[in-house]
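Novice: sequence first, then the predicted structure:
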Amino acid sequence: MSVQEIRSFNRFYTNLIGALDYSRHLYAPYTLTESRVLYELAHSVRTDAVDLRAELSLDAGYLSRILARFEEDGLVERAPSERDPRRRRVSLTARGRQAADLLDERSREAVGALLGGVSAGERERLVAAMGVVREVLGRRRAPEGADVLLREPGAGELGWIVQRNGAVYASEFGWNADYEGLVARIVADFAQDHDPHVERVWIAELDGRPVGCVMCVRDEVPGVARLRLLLVEPDARGLGVGDRLVRAVVAFARSVGYREVVLWTNDVLASARGIYERHGFVLVAEKAHRSFGVDLVGQDWRLPLGDE
């Protein structure tokens, strides 16, 4: 493909999605770049200004002006980073999260309208073609943790959570269909009745495909969040995906006012237990049981959520 053909496609696509007049396109007072900054702040666990600049390949001065505007509008707060006091941590305020959620909703509506006249078969061709573009142009280096995007699940991806949990645990630990049934009930309960203000699911995406997931749901005990169904695909391990997913749950639980996060796991899941320990979870109880066709030792872990 010639350079001119690629440039022609770029012009076509930017016009199609309204990139040149993004604020009017989404009926929002933000440019495409500003909207992307809000999106990263809402979905990324790395929110130091330097991380945002690297993630979005933005000029430092340009990003600083965007954040100054957001701060003036009450969308973000800036404070010294916990990791390095020389850095600045950026976090969304409640008003900022509302703005990010509204942009995300309108963006979904815009894409939905774009696909409204496209048949199911053509949609599959379109998604496959996009995957080819990402694969070919992203082949220049091995994937890194920064390539992974955390986002809400799209249509059909709650089913993906059930299918991949069943397949991965059967392959790696020999668990039978009882486990897949358990996951299906957990996911169905969430889909049918959850409060989006205090419960959430994250999908980890790499190269346009889901490679991990986790849930944060209300526990039976008031004020307690429960972390559930942490999963990372085998070919995406080593990129810090599990750490990012757990960090997202903890940050979200703290931001919406939970006083602690709890979880139940089994002792054979050594990698997951290592992640929980790194994030401050403490083992509080163990009990042997037979489930999913094998003998296991169940474990209860908890993380009190005090001040950061």
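Specialist: Yep, it's here.

Novice: what are the ranges of the strands in the stretch 151-300 of the chain?
Specialist: 200-206, 209-218, 224-232, 260-266, 282-291, 294-304 (DSSP state E, counting those that start in this stretch).

Novice: now do the third one against strand 200-206, angle only.
Specialist: Meaning strand 224-232. Following axes from the mean of the first three to the mean of the last three Cα atoms, to 10 degrees, one obtains 20 degrees for the angle between strand 224-232 and strand 200-206.

Novice: which outside residues touch strand 224-232?
Specialist: Residues from elsewhere that reach strand 224-232 (Cβ atoms under 8 Å, 6 or more residues apart in numbering): 161, 164-165, 168, 183, 186-187, 198, 204, 211-219, 241-242, 245-246, 249, 253, 258-263, 272, 275. All C-beta spots, glycine's among them, are computed from the backbone N, C-alpha and C.

Novice: now, of the residues you listed, which are buried?
Specialist: For those, a neighbour count by 16 or more other Cβ atoms under 10 Å gives the buried set as 161, 164-165, 183, 186-187, 198, 204, 211-217, 219, 241-242, 245-246, 249, 253, 258, 260-263, 272, 275.

Novice: and Y258, how close does it get to R226?
Specialist: Note on Y258: its distance to R226, by Cβ to Cβ, to the nearest Å, is 10 Å.

Novice: repeat for L56
Specialist: For L56, the distance to R226 equals 33 Å [Cβ to Cβ].

Novice: tell me which of these two has more neighbours.
Specialist: R226 (21 against 16; other Cβ atoms under 10 Å).

Novice: for the more buried one, give the beta-bridge partners.
Specialist: V217, V262 (DSSP bridges).

Novice: contacting residues for the residue nearest to G18 when sequence neighbours are not counted?
Specialist: Nearest residue to G18, sequence neighbours excluded (Cβ to Cβ, 6 or more residues apart in numbering): H25, at 3.0 Å. With contact set as Cβ under 8 Å, 6+ apart, H25 has these partners: 17-19, 110.

Novice: just the buried ones among the residues you listed, please.
Specialist: Buried members of the contacts of H25, counted by 16+ other Cβ under 10 Å: A110.

Novice: farthest pair within the contacts of H25?
Specialist: Spanning the widest gap among the contacts of H25 are A19 and A110, at 11.3 Å by Cβ to Cβ.

Novice: dump the helix or strand of the chain with the lowest mean pLDDT to CSV, restricted to CA.
Specialist: Scoring the helices and strands of the chain by mean pLDDT, DSSP states H and E places helix 22-25 at the bottom, with a mean of 72. Extracted in CSV, the C-alpha atoms of helix 22-25 (Å, rounded to 0.1, in the frame of the first residue of the first chain):
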residue,chain,number,x,y,z
TYR,A,22,-14.8,16.3,18.3
SER,A,23,-16.5,18.5,20.8
ARG,A,24,-19.4,19.3,18.4
HIS,A,25,-19.5,15.6,17.3
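
Novice: what residues of that helix count as buried?
Specialist: Applying 16+ other Cβ under 10 Å to helix 22-25 flags Y22 as buried.

Novice: same question for stretch 162-181.
Specialist: Buried-residue list, stretch 162-181, by 16+ other Cβ under 10 Å: 162, 164-166, 169-170, 175, 179-180.

Novice: include distance to L41 and pLDDT when you put those into TSV, please.
Specialist: Formatted as TSV, the buried residues of stretch 162-181 follow (distance: Cβ to Cβ, whole Å; pLDDT from 0 to 100):
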residue	distance to L41	pLDDT
V162	30	96
R164	28	95
N165	30	95
G166	34	95
Y169	34	95
A170	38	94
W175	38	95
Y179	36	96
E180	35	96
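
Novice: from the residues you listed, which land in helices?
Specialist: Here DSSP state H is the test, and these give 162, 164-166, 169-170, 179-180 as lying in helices.

Novice: ok, these vs V37, which is closest?
Specialist: R164 (31.2 Å).

Novice: which strand residues bridge the closest residue to that closest one other than its chain neighbours?
Specialist: Ranked by Cβ to Cβ, 6+ apart and with sequence neighbours excluded, the top spatial neighbour of R164 is L231, at 6.3 Å. Beta-bridge partners of L231, counted by DSSP bridges, are C213.

Novice: how much space between L231 and W160?
Specialist: In terms of Cβ to Cβ, L231 sits 10 Å off from W160.

Novice: one more: R89?
Specialist: Separation of R89 from W160 (Cβ to Cβ) stands at 33 Å.

Novice: ok, now which ones touch the residue nearest to H194 when sequence neighbours are not counted?
Specialist: Among residues not flanking H194 along the chain, V217 sits closest, at 6.8 Å (Cβ to Cβ, 6+ apart). By Cβ under 8 Å, 6+ apart, V217 lies in contact with 190, 194, 199, 225-226, 228.
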